[in-house]
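S.K.: Generate coordinates for the sequence data below:
(2 chains)
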Amino acid sequence: QKEVEQDPGPLSVPEGAIVSLNCTYSNSAFQYFMWYRQYSRKGPELLMYTYSSGNKEDGRFTAQVDKSSKYISLFIRDSQPSDSATYLCAMSANSNYQLIWGAGTKLIIKP
Amino acid sequence: EADIYQTPRYLVIGTGKKITLECSQTMGHDKMYWYQQDPGMELHLIHYSYGVNSTEKGDLSSESTVSRIRTEHFPLTLESARPSHTSQYLCASSEYGQGATGELFFGEGSRLTVL
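M.R.: So this is what the prediction gives:
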């Protein structure tokens, strides 16, 4: 079983919709959680970073961590065609440990 | 825009050839990484370096080798390429440990196809 599970999609929604992307994990020691966005033929770029539980908001993006359920989410409000990309979750138990990655969810925002 | 560059972006070669994928960064980061990414699969760490003359293997076994003679340069070499080496290779760097701030800066990747 993979340590981090992520639905590969594709997830297709109309422009302006609220998008919810999710990852589940099995290692209760994880406490650093990240979301990366990867456009086609580009490298991933950091979108959101959260330590431990709770919510973090940055513009149209909200990251949520529920450690009791071992579940993290990324919400995108007022989605735009430019948000079309693959979203990768990544997590780590310690600041010096390597990241464990999800396989990514492909998101398509239809104009 | 991250200042990390990979060449070549695309490479098609025959079995048995030796190849080197280049990676350079201008951010002065001590920590550099090589990841392998296949469609629909997780990123897997194949090599990392925490400074000059320091290299380690990652969690995914790889027949490639790396060197770190200069801070800014972290090339990956395959002595004898095989079709199983066909993949996308991503180079990244960070100022802190991977988990500390989560900020890995990635290059645009080198897509290798071995015939």
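S.K.: can you list the weak-confidence ranges in chain B?
M.R.: Within chain B, the segments meeting pLDDT under 70 span B:1-2, B:98-102.
S.K.: Is it correct that residue A:71 is in contact with residue A:24?
M.R.: Yes. Applying Cβ atoms under 8 Å as the test, residue A:71 and residue A:24 come out as touching, 5.4 Å apart. For every residue, glycine as well, the C-beta is placed using N, CA and C.
S.K.: When these two are compared, which one has more neighbours?
M.R.: Neighbours per residue (other Cβ atoms under 10 Å in any protein chain shown) separate residue A:71 from residue A:24, with residue A:24 holding more: 17 against 13.
S.K.: mind listing what the more buried one touches?
M.R.: Residue A:24 sits next to A:4-5, A:69-71 when contact means Cβ atoms under 8 Å, 6 or more residues apart in numbering or on different chains.
S.K.: can you tell me the helix or strand for it?
M.R.: strand A:19-25 (DSSP states H and E).
S.K.: so what's residue 4 up against?
M.R.: This is for chain A. Contacts of residue A:4 by Cβ under 8 Å, 6+ apart are A:23-26, A:89-91, A:100-102, B:42.
S.K.: nope, chain B please
M.R.: A:43, B:23-27, B:91-93, B:105-107.
S.K.: I'd like to know which of those are buried.
M.R.: Buried members of the contacts of residue B:4, counted by 16 or more other Cβ atoms under 10 Å in any protein chain shown: A:43, B:23-25, B:91-93, B:105-107.
S.K.: ok, the spatially closest residue to residue A:28 that is not a sequence neighbour - how many residues close by?
M.R.: If the residues on either side of it in the chain are set aside, residue A:28 comes closest to residue A:70, at 6.8 Å by Cβ to Cβ, 6 or more residues apart in numbering or on different chains. Residues within reach of residue A:70, counting by other Cβ under 10 Å, total 17.
S.K.: okay but residue A:70 is in contact with residue A:25, surely?
M.R.: Yes. Counting by Cβ under 8 Å, residue A:70 does reach residue A:25; the two are 5.0 Å apart.
S.K.: For residue A:46, list each beta-bridge partner.
M.R.: Applying DSSP bridges to residue A:46 yields these beta-bridge partners: residue A:36.
S.K.: Give me the pLDDT value at it.
M.R.: pLDDT for residue A:46: 94.
S.K.: quick revisit: what are the pairing partners of the strand holding residue A:24, and which direction each?
M.R.: Strand A:19-25 has the following strand partners under DSSP bridges: strand A:4-6 (antiparallel), strand A:71-76 (antiparallel).
S.K.: Turn those strands into TSV, columns for mean pLDDT.
M.R.: Shown next, in TSV, are those (pLDDT from 0 to 100):
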stretch	mean pLDDT
strand A:4-6	96
strand A:71-76	97
